[in-house]
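Chemist: Using only what follows, build the 3D model:
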Amino acid sequence: MSSNSNSLDAKTLTENLPLVLSHLLSRRASPETIISAERIATLNAERVVLINDKNNALQERKVQSTTVGNIMKATKGGTDGSEEQMSELEGAKAASTAAGELADELEGKLSVIEGEQNGLLAALPNLLDDVVPDGSDESENALRKNGDTQQRRCLLTTMAKCSVAFLSVAVRRNGRSAVPAYVQAFTTTTKTHHRASPRVSFGVSTSTPTRLFSASDDDTPNPPPGLSSLVNGRISRTTMSSNSNSLDAKTLTENLPLVLSHLLSRRASPETIISAERIATLNAERVVLINDKNNALQERKVQSTTVGNIMKATKGGTDGSEEQMSELEGAKAASTAAGELADELEGKLAVIEGEQNGLLAALPNLLDDVVPDGSDESENALVMEWGDVKALPTKLEWGDDFEPSWHDDLAVGLNGWMADEAVAMSGARFSALKGNIARLERALSSFFLDTHVDAHGYTEAAVPLVVSRSSLEGTSQLPKFEDDLFKITPESHTCNGEDAFLIPTAEVPLTNLHRDSILEESELPLKYCALTPCFRAEAGSYGRDTRGLIRSHQFYKVEMVQIVTPATSAQAHEELTQHAQNCLEALELPYRKVRLCSGDIGFGACHCYDLEVWLPGEGQYREISSCSNTGDFQARRMGLRYRPSPVADKQEEEVKDKGKGKKKKAKKIKPELCHTLNGSGLAVGRALVAVLENYQTPNGSVVVPKVLQPYMGGLEILTPE
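Modeler: Have a look, this model is predicted:
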């Protein structure tokens, strides 16, 4: 502890909040008691701000009183001054009075806060000595040896009984309980019986601790917000204090328990959870720095005014008393010092905001309430299935003893597979097609594009295959997934001075077409589709899906992107997913639709459907399309906004300009963040795999689906050569 005492006052508790919380957990304290400890720390932060504001008010009163005194001297007690001096005198008197009244008001608020703090402190138990063993009840008193496994089980059981908000900030590391707040302190602190030792100094002191909960402002601490509306084991996104579902530092700080519960639901790493708490801590520091900078600028202004007044009274500093000259020099020095302090604080703010932005860029999107909780793809939720996996085999007379071939074997038999040649020139996970197999791949691409343009209302686009770092940051592939990208050396090419990359998906250039734009609501929705090769390094997939076209470094994909308003976002997601489904159904390929669980959903998505097509060669369903709603997550990163249309009866509204008889049009409506959606419509390589495997016949030929025959020059069947 940062204090030699093992009892708590508000300052000691605030400086050692993680320690206090770990002791309360070890005591199996109620969630209300834990919340009250956090409430004390929050009140202490408010108290520090109020004390600072009160001192500033007292300083302002002193400065204004000094100004009054200077003018009174210069005008012989206010009887011999110019109109300007008399006006300034009255202003200074009023400002001095107002500052005094503000100081009194703040003193009253301080009394209320200190009263609440004292009441909450009286209800907190003592800290535990290091020799006290961890346990739940008398059965675990120290006659028997407490095994480490038993202690861990005990603590986990207790944590499970605590509120979800507290559980969401408890991180387990090597069987020890740690709270993300003040993580540097925890990683260097001795722990006994799975709690922080009160004998060890945390070396952490802050007047503005990050909130672990959001207690109410009244005298009785309430449960954390959202506990009455938990969804899938996490706090509902609908309880947020912002309409946005993406995060800036302010929104994260105001909704920290919610954010942490969503990160835990995503099975985020402890480092990610810690970084979220760090953002909130930095935001508290940022608020204090902004306040201090503004006070410094105000002090510079006041001192500059004092300099001006004395210069006027002394004819430019040439005809004044010794006392006036001394005061003049003091005011000049104070003005300079205040300006230098403001500059210093501005520099500190820039550092904090830079760190915040870096940490925010690495945080995933919040989850939609419909996303089920789960650890991996095995816990995704089946939404629907389409088609009968036995229908095509029956139609193509496979027979009971027929064993379907893999797509690469079929392509070899059709003289269209040149994998060895591709590997020889490009390395592993590249392939080459020729003849009717290559033509069939092109037919699929053309069919998908024509369907989306002619039937679904998309605008086809031809986009660059090389994009900048900032473009990938806008769609959230960077900074987290840089290892999965193909980076171009700076010596070869840069994008306007930025690092250049090959696109991993057409989602990146399509969405960035409107980067840093303000669209009109009447322009929305915007619907784009594009056929491009996609390039992925597939880092972390070593040894997986090494056969055939399932996982390649380069593959063709038709991508769909929609830019919509928040109000139409959910419906647009269903529509976009259905557009991908229509392609599969037109090809008569059996598939299933699953809703990704919290542990499997993509980094930038708040809600995602995967379409999985049946592959008889493998005997399993495999992903062929992923359709994501990112909400305003990407739009915030790339500055993509729209201006809502004015309400019809206010469109021509005019207002009078403060009685001057002039008229002006109503102000423009403030722009809002767009929502962006993207989905594969479809992955061409995997569609080729699905057609080859589902439409194969026992003699090794492949029937061309009816919808593709016009693109194949009327060819109905591909036969072995």
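Chemist: Show me the shaky parts of this protein.
Modeler: Applying pLDDT under 70 to the chain flags the ranges 1-6, 31, 142-229, 539-544, 648-666.
Chemist: and C495, how many neighbours does it have?
Modeler: C495 is flanked by 16 other residues according to other Cβ atoms under 10 Å. For every residue, glycine as well, the C-beta is placed using N, CA and C.
Chemist: Test of understanding: give the bridge partners of the closest residue to it other than its chain neighbours.
Modeler: Leaving aside its sequence neighbours, C495 sits nearest to S468 (Cβ to Cβ, 6 or more residues apart in numbering; 3.5 Å). Taking DSSP bridges as the rule, S468 bridges to A500.
Chemist: correct me, but L363 touches E277?
Modeler: No - applying Cβ atoms under 8 Å, one finds L363 not in contact with E277, separated by 11.2 Å.
Chemist: Looking at those two, which one has more neighbours?
Modeler: E277 (26 against 23).
Chemist: got the phi/psi numbers for that one?
Modeler: E277 adopts backbone torsions of phi -70, psi -30, taken as degrees, to the nearest 10.
Chemist: buried stuff in stretch 397-411?
Modeler: The neighbour-count check on stretch 397-411 (16 or more other Cβ atoms under 10 Å) flags W398, P404, S405, W406, H407, D408, D409, L410, A411 as buried.
Chemist: Please, which helix or strand holds the closest residue to L263 other than its chain neighbours?
Modeler: Spatial nearest neighbour of L263, excluding adjacent residues (Cβ to Cβ, 6+ apart): I273 at 5.2 Å. Element membership for I273 (DSSP states H and E) is helix 270-313.
Chemist: That helix packs against which elements?
Modeler: The contact analysis (3 or more Cβ pairs under 8 Å, 6 or more residues apart in numbering; DSSP states H and E) places helix 270-313 against helix 31-74, strand 171-173, helix 183-187, helix 249-254, helix 256-265, helix 322-361.
Chemist: Kindly calculate the angle that the first one makes with helix 270-313.
Modeler: With axes from the mean of the first three to the mean of the last three Cα atoms, to 10 degrees as the criterion, the two stretches helix 31-74 and helix 270-313 enclose an angle of 10 degrees.
Chemist: How far does helix 31-74 sit from its chain's centre?
Modeler: Relative to the chain's own centre, helix 31-74 is displaced by 33 Å; criterion: Cα atoms, centre = their mean, to the nearest Å.
Chemist: can you give me the angle that helix makes with helix 322-361?
Modeler: Going by the same axes, to 10 degrees, helix 31-74 makes 150 degrees with helix 322-361.
Chemist: helices or strands up against helix 31-74?
Modeler: helix 10-15, helix 17-26, helix 83-122, helix 164-167, helix 270-313, helix 322-361.
Chemist: follow-up on the earlier one: export the helices and strands packed on helix 270-313 to CSV and append columns for mean neighbour count and distance to M560.
Modeler: CSV is the format used below for the helices and strands packed on helix 270-313 (neighbours: other Cβ atoms under 10 Å; distance: least, Cβ to Cβ, whole Å):
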stretch, mean neighbour count, distance to M560
helix 31-74, 20, 45
strand 171-173, 14, 39
helix 183-187, 18, 41
helix 249-254, 20, 29
helix 256-265, 26, 27
helix 322-361, 15, 26
